[in-house]
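J.: The following block contains a protein sequence and its predicted model.
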Amino acid sequence: MHIFAMLFNQCIAEMKHRAIFLCKYLFFWMLYYSAVRLLFMLYQHSLAEAGGAMVHGWHMDLSMAGYIMLLASLLLALMWPLGAHWHMRVFRWLTLALIAAQSVVVVVDLELYRHWGYRIDATPLLYLRSPKEAMASTPLGMAIALIALAAAMVWGFFVIYKHLCNSNLNQIQRGRWWVMSVLLLVAGCMVLPIRGGLGIAPMNPGKVYFSSRMYSNHAALNVMWNFIYACTMSGDLDRRLPDTVSPEEAEAGFAQLMHTQPSSTLPLLRTQRPNVVVLLLESFTAKAVGFCGGALGCTPCIDTLAHEGLAYTRLYAAGDRSDKGIVAVLTGFPAQPKNSVIKYPSKTARLPSISKTLAQHGYSTAFYYGGDPTFANIQGFLYQCHFDRIVAHEQFPKEQRNSKWGAHDEYVLARLLAEMDTARSPFFKMLFTLTSHEPFELPRRYGPPRPNSSEEERFLRTVHYADSCIGWFMEQAKQRSWYDSTLFVLIADHGHPMPMNDDAHMARRFHIPMLWLGGALRPTPGINAKVGGPIDLAATLLAQLGLPHEEFIFSKDLNCPTSREFAFYTFNNGYGFVGPADTLMFDLTSQRAIGTPPSEASIHGAGCFFRTYQDYHHGL
């Protein structure tokens with residue numbers, strides 16, 4: 001027992017100064033990131049919501065510091081047999097290099113933000129290909145001032161580091177092998193701050209967004225973390241994929257695809273400024289919806305409601321994931337074949353959106369979701385779209401958050417219903433369901449799924465549940481005073497391979513429903529069988545409201561008799577183009593059509609649309 005106590009005391013003695021150094025080193029970097037955030041706000045002459053930016057920004061600061069602490073812990077582990085001299089030497093040069101590199105990014109970001117309005121990303125790296133031209137656009141005095149500021153930051157923070165950390169490094173003695181084991185364990189624990197916690201969503205820019213003012217959200221970002229994130233994400237999205245038509249052909253062909261007669265939309269509303277409520281339905285494939293041809297009996301409530309409104313039966317989702325679907329619905333922008341534009345705030349900031357347009361015309365806006373909106377940077381995107389409020393999982397009681405994703409649909413719909421009673425009109429509210437997402441969990445009162453039930457059965461069970469929640473919601477809404485002046489739009493974010501296990505490229509996998517309902521709709525129920533997609537909602541809705549929608553260049557009015565019938569969707573490294581009579585499924589890797597080639601008109605139309613999309617996307 002005495003031997004174990006002696007070994008334990010030796011371990012504590014050998015780890016003491018290493019542990020204290022790591023704590024001080026973490027504190028140093030958190031101090032550095034807080035200081036540069038304050039510098040950013042002072043440079044921009046605005047301390048608006050500075051407290052919120054600081055508090056929310058610390059989450060990302062801790063993530064960035066976690067990477068540095070991971071490196072520091074590994075270096076300490078590797079140097080376990082070495083004395084204080086080597087520790088001081090290694091960390092002196094490491095810290096100096098890290099301060100210098102980050103300070104350069106910080107000072108460049110200070111000035112670029114004044115001109116660009118968003119935090120530094122990979123864009124400046126493009127100008128390094130022509131450094132002479134890049135420097136020519138920077139006034140000499142400004143360049144000298146920024147260099148001097150960076151040098152002052154390096155000197156000042158290096159002095160702080162030496163005063164704070166040197167005393168413990170100087171007392172580190174040679175250790176035994178167990179020192180390395182403990183430090184490797186510490187290094188492994190850094191995954192937690194790096195990831196941003198134990199939640200479903202890993203660290204992303206939207207995780208620190210907290211305000212309807214984009215400047216405050218930008219101030220909360222850790223500039224170095226955001227810069228590295230943008231650089232690592234930029235490759236796939238900015239890579240131009242092969243085109244099949246010339247620029248001239250694309251321009252003419254796209255203009256022909258999008259051409260309509262002016263002021264030719266069919267009027268459907270009883271009032272020009274109705275309240276608008278969009279219910280975005282998670283994974284609601286048309287294969288499970290009766291009014292779209294599904295014969296599974298999963299959606300009796302929605303199928304009944306379809307007789308009261310206008311059912312759009314031939315819509316095809318823009319992509320295969322929610323982060324692509326929500327962008328398509330709100331901005332009318334097509335999905336990407338590989339990554340999603342939602343992860344690139346500098347690009348999505350330049351996109352128009354339905355909510356932004358409505359906010360500019362006096363609408364109050366709010367978004368409702370029972371899950372974590374920071375997942376896939378959705379929260380950051382929503383704030384860019386000018387949503388005044390975001391009601392999410394943390395605002396629901398703990399007993400209602402009893403699924404992996406958060407609060408079930410019934411609770412979120414009830415919250416929306418209650419808040420509509422007191423909302424300022426006209427309002428635009430959007431709700432995103434979640435129960436029909438994997439792992440297909442239902443509230444506990446429904447009990448477990450049938451033993452040995454297939455994944456398809458569990459999926460359809462949750463679709464049926466969501467349908468019943470929507471049926472209840474609409475019945476309650478009809479009893480409210482605001483119902484007669486409200487338009488409801490039900491639309492899916494994307495389709496699903498089940499049922500039938502469709503391949504990733506098949507158009508049937510992307511087939512989704514859309515249904516317009518509510519007292520604001522004229523009593524002209526029916527079916528719109530025109531081929532389109534969620535990117536067409538922007539032009540279709542805004543045309544009914546008499547609002548401009550020219551900036552939604554990929555969106556067409558589905559209620560206009562002269563609009564062309566087509567839908568564009570993307571899958572992994574490929575795209576589909578659905579026309580009224582045939583479908584093109586095109587693989588971008590092999591540059592060939594999948595399956596039976598469609599007509600030349602569809603191939604040419606798809607090529608023109610895709611090239612125009614790429615030109616627009618790369619110009620963002």
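T.: Structure's in. What do you need? Numbering: from 1, shown residues only.
J.: sec struct for Val107, please.
T.: Three-state assignment for Val107 (DSSP: H, G, I helix; E, B strand; the rest coil): helix.
J.: That one and Ala100, how far apart?
T.: 11 Å (CB to CB, to the nearest Å). (C-beta placed from N, C-alpha, C; glycine too.)
J.: Mind listing the shared neighbours of those two?
T.: Ala150 (CB atoms under 8 Å, 6 or more residues apart in numbering).
J.: higher neighbour count, these two?
T.: Between Val107 and Ala100, counted using other CB atoms under 10 Å, Val107 has the larger neighbour count: 23 against 15.
J.: I'd guessed the more buried one sits against Ala143; true?
T.: No - Val107 lies out of contact with Ala143 (CB atoms under 8 Å); the separation is 10.3 Å.
J.: then stretch 144-154 to CSV, C-alphas only?
T.: Backbone C-alpha positions of stretch 144-154 (Å, rounded to 0.1, in the frame of the first residue of the first chain) are rendered in CSV as follows:
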residue,chain,number,x,y,z
ILE,A,144,1.4,49.6,-43.2
ALA,A,145,-1.2,50.3,-40.4
LEU,A,146,-2.4,46.7,-40.5
ILE,A,147,1.1,45.3,-40.5
ALA,A,148,1.9,47.4,-37.5
LEU,A,149,-1.2,46.3,-35.7
ALA,A,150,-0.4,42.6,-36.4
ALA,A,151,3.2,43.1,-35.1
ALA,A,152,1.9,44.9,-32.0
MET,A,153,-0.5,42.0,-31.3
VAL,A,154,2.2,39.4,-31.7
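J.: What strand or helix carries Ile228?
T.: helix 223-238 (DSSP states H and E).
J.: quick one: Ile527 and Ala311 touch, right?
T.: Yes - taking contacts as CB under 8 Å, Ile527 lies within contact range of Ala311: 5.1 Å.
J.: any residues in contact with both of the two?
T.: Phe291.
J.: Tell me which of these two has more neighbours.
T.: Between Ile527 and Ala311, counting by other CB under 10 Å, Ala311 is the more crowded of the two (24 against 13).
J.: From Ala286, how far out is that one?
T.: Ala311 is 11 Å from Ala286, by CB to CB.
J.: Where do the strands of the stretch 251-400 of the chain begin and end?
T.: 275-281, 310-316, 364-369, 389-391 (DSSP state E, counting those that start in this stretch).
J.: Likewise for the chain?
T.: Assigned by DSSP state E, the chain shows strands spanning 275-281, 310-316, 364-369, 389-391, 427-432, 486-492, 511-517, 526-528, 567-571, 574-578, 583-587, 592-593.
J.: quick revisit: for the helix holding Ile228, what is the average pLDDT?
T.: The pLDDT scores in helix 223-238 average 78.
J.: what's the answer for stretch 451-468, then?
T.: Mean predicted confidence for stretch 451-468 is 92.
J.: any idea how far that stretch is from the chain center?
T.: 27 Å (CA atoms, centre = their mean, to the nearest Å).
J.: So which of the strands of the chain is nearest Ala219?
T.: strand 389-391 (18.3 Å; CB to CB).
J.: Indicate each strand paired with the closest one and its parallel or antiparallel sense.
T.: strand 364-369 (parallel) (DSSP bridges).
J.: Just the angle for the strand it pairs with relative to strand 427-432, thanks.
T.: 10 degrees (axes from the mean of the first three to the mean of the last three CA atoms, to 10 degrees).
J.: contacts for strand 364-369?
T.: Residues contacting strand 364-369 (CB under 8 Å, 6+ apart): 355, 358-359, 373, 378, 382, 386-393, 406, 412, 415-416, 419, 423-424, 426-432, 434.
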